[in-house]
Each structure stands twice: as structure tokens, then as C-alpha cells.
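> The sequence and its predicted three-dimensional model are supplied below.
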Amino acid sequence: MSVPDPYREGQEAARARRMRSIAIAVSLAAFVVVVFIITLVKKGGG
Amino acid sequence: MTEAAASDVRVPKAPAATWRDFVALMKPRVMSLVVLTAVTGLVCAHAPMSPVLAAVAILCIAVGAGGSAALNMGYDADIDALMRRTRGRPVPAGRVQRSDALALGVVLSLFSVGLMALATNFLAAGLLAFTIFFYVIVYTRWLKRRTPQNIVIGGLAGALPPAVGWAAASGAVPWQAWLLTALIFVWTPPHFWALSLYTREDYRRAGVPMMPVTAGAASTRRQILAYSLIVAPLGVAPALAGLGGAAYLAVSLAGGAMFVLLAGRLAMSRAGEAGEVGAQDGHLYEVDSAARAARNLFAFSILYLFALFATLLAEHLLGAAPMVLAWGRP
């Protein structure tokens, strides 16, 4: 007998979650890059 | 239970959020006008600034606007679900959880203010933080559900971006920046009241005391006309103050006259008195004939503000504004 697990996420939900995780990782990396660039520009200007 | 029977068991699932839903949370159309007015303030300051830092400052203002919009959508999900214009938004539609919208808003707001302080100065960062605070706490939390003056006072949040941009470039907010802020501030009530005239039933159902709900349609139409008589001359004021040139003067005179004309037509119409008249499921401009005067002013008011700031921006970028000529620093 096999009963579907009501808590198991579907394929579409899993894909959406994976994409969100990638988006968060890319955003954090972009934030680090922007901070680095700001530092370079400010140091250069000073 | 057999496997075949098990496969018949349907577990209801919420639709999965996509990146488009998270973009929608940031109200990109509102953000575009915020960015335009902020860029105009930044350029009008004519302060020497690294293009990279200028781009970061604009990014911060855009992200701050997006963060405050996400917070607004998170807080207002209950009333958004009751209004046809907003019930398709990601949170009331169930695609994004309320807590996720609030978390996104907090993170974006903190990042934008922190980055602004790092890239420009504390005045700009402080003004940006104040703008977000005013929109989320003062407008969304305190005013929106309590008083028909909600968008009159709350309009300050949407009016501040030129001052933030000016401060980011120069580290100061002179009276010319406040003039641009004042223009958006007085433009906001007739803009939103025109919209609320043909979405009155939605606001009434949601319990939001917009002016047409509390004071009635006729009073709202008169107040819109009164505000338009302030908006039109204030729109010309930057040209008289040396901030705008000949092109700006022409656009502001023509646009102001049209604004007053449409407000006058609206005042003489019966817009807002016909009940359920339109703006269903996010279709802002599909209304019946009774509401067309309100719809026309609402649509034109966006074009008007966009045209004023785009012209001012173009003049300053091209070095055609009187202030630029006087300073000799195009």
C-alpha cells in the first residue's frame, strides 16, 4: 500500500525553490562585488 | 489502499512562486517613476561624482523603493485580497507567503540604506531610511486604514526621491530639491483620488477610508480640482526658479493646463457615483463611460509627472538648463 506524502513538495515547487536559492546566492555575490567596487572607487578617489 | 487509489488522492498545493512574483512584489512600475525622479535630483545637483557611485546610488534608491513596496504588500495582503485591482498580487493570490514578502522587504531595505551610506553619504542614507520608514510605518501601518488624509500625508514618501538623489550627489538638500519634492507631494492626492473614484467600491469593501468612501464622490472631485490648481503653477515653478529651461517651461505650461482641464471635466462629471465601474483584476484603464473622466486624469497625471522630470533631466544632461549655464558646469 502506498500513500502519497502530503508534505512532499511537487516537482514544480522544488524547481521554483531551487531557482529562488540560486537567485539569493547570485544577489549576495552581486552585493559583495558592488561593495568591493565601491571600496575601490572610494580608495581611488581619496 | 491500492496504488491506483492512492494516485487519486489530490493534495492541494499552493502555486509555486516564480521570479516574476518577487519582481511584482517590488512594484516595478512605481519603482520606475521613483528612479526617474531620483536620477533627476541627482543630475540637477551638478556635483562632481563618480559615475560608478552615481549608478550605485540610483540602484540603492530603486532597491529601497522595492523593499518598501514588498513590505507594503506583505502588510496589506488582507485588504489587497478584498480589492479586484490588487487581489492578483503575489501574496493575496497565495503564490508568495506573507512572511517571505516581509523578509524580502526588510532585507532589501537594510541593504539599500547600508549601501547608500557606504557609496555616498549619511545624509542620503538617512533620507532613504526615512523615506522607507515613512512609507511602511507612517503610511501603510498608521494612516492608510485610519484617515482619508492617508495619501495626502503619506505622499511625502513618494515625493522624497529627488531630495535623496540630490543629497547622494552633493551631500546637501537645497531648496531647489525641496521644490521638486513639493511638486510630487501636491501631485499625489489628485493622482490617487482620481484612481480611487473608480475603485471606490473596492476601498469601501476593504474598509480603507479613501476620500471618495468617506467624503463622497462629489467632494473628492472638488478637492481634486483644488489640488490641480496648486499642481499646475507648482509644476511651472522650477522654470521660474532657474532649475528648468525653455523646454521645461513649455512642457510644464502645456501639461499644467491639460491637468487643470481634465480635473475640471472630472469635477463636472459624475465619476465615482456609478458603483462598480471598473479596474477589475488589475486592468486599471478599462472602465465604463461614467468613470472615464477619472480614468483620464489618473492616466494623464502619470504622463504629466513623467514628462516634467524627463524634460528637466534632459535639459540638465544636455546643459540647456539656466542653472547649468549660470554655474558653467554642464
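Happy to help now that I have it. Numbering: from 1, shown residues only, chains lettered A, B, ... in the order given.
> which SSE is residue 31 in?
You didn't pick a chain, so chain A it is. Assigned by DSSP states H and E, A:Phe31 belongs to helix A:11-45.
> actually it's chain B I care about, not the one you picked
Per DSSP H and E: helix B:28-44 holds B:Met31.
> Okay, buried residues for that helix please.
The neighbour-count check on helix B:28-44 (16 or more other Cβ atoms under 10 Å in any protein chain shown) flags B:31, B:33-44 as buried. C-betas here are computed from N, CA, C, even on glycine.
> Repeat that for stretch B:129-136.
B:129-132, B:134-136.
> okay, those residues in a markdown table with pLDDT and distance to chain A next?
A markdown table is the format used below for those (pLDDT from 0 to 100; distance: Cβ to the nearest Cβ, whole Å):
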| residue | pLDDT | distance to chain A |
| --- | --- | --- |
| B:Ala129 | 98 | 18 |
| B:Phe130 | 98 | 22 |
| B:Thr131 | 98 | 21 |
| B:Ile132 | 98 | 18 |
| B:Phe134 | 98 | 25 |
| B:Tyr135 | 97 | 22 |
| B:Val136 | 97 | 21 |
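> Just name the closest of the residues you listed to B:Leu317, please.
B:Thr131 (24.4 Å; Cβ to Cβ).
> pLDDT weak spots in the stretch 201-330 of chain B?
Filtered on pLDDT under 70, the stretch 201-330 of chain B yields the residue ranges B:274-286, B:324-330.
> 80 - rerun?
For the stretch 201-330 of chain B, the stretches with pLDDT under 80 are B:274-290, B:320-330.
> returning to what we had before: just checking, what packs against the next helix or strand after the helix holding B:Met31?
Counting by DSSP H and E, the next helix or strand C-terminal to helix B:28-44 is helix B:51-75. The contact analysis (3 or more Cβ pairs under 8 Å, 6 or more residues apart in numbering or on different chains; DSSP states H and E) places helix B:51-75 against helix A:11-45, helix B:19-25, helix B:28-44, helix B:98-119, helix B:122-133, helix B:161-170.
> And the fourth one, what's buried?
Neighbour-count burial for helix B:98-119, counted by 16+ other Cβ under 10 Å, picks out B:100-102, B:104-105, B:108-109, B:111-113, B:115-119.
> quick check: longest helix of chain B.
helix B:292-318 (DSSP state H).
> residues touching B:Leu118, list them.
B:Leu118 sits next to A:35, A:38 when contact means Cβ atoms under 8 Å, 6 or more residues apart in numbering or on different chains.
> so what's the backbone phi/psi at B:Ala16?
B:Ala16 adopts backbone torsions of phi -70, psi 140, taken as degrees, to the nearest 10.
> How many neighbouring residues does it have?
By other Cβ atoms under 10 Å in any protein chain shown, 19 other residues sit near B:Ala16.
> How about the contacts made by the closest residue to it other than its chain neighbours?
What sits nearest to B:Ala16 in space, not counting adjacent residues and going by Cβ to Cβ, 6 or more residues apart in numbering or on different chains, is A:Ala16, at 3.6 Å. Counting by Cβ under 8 Å, 6+ apart, A:Ala16 touches B:16-18.
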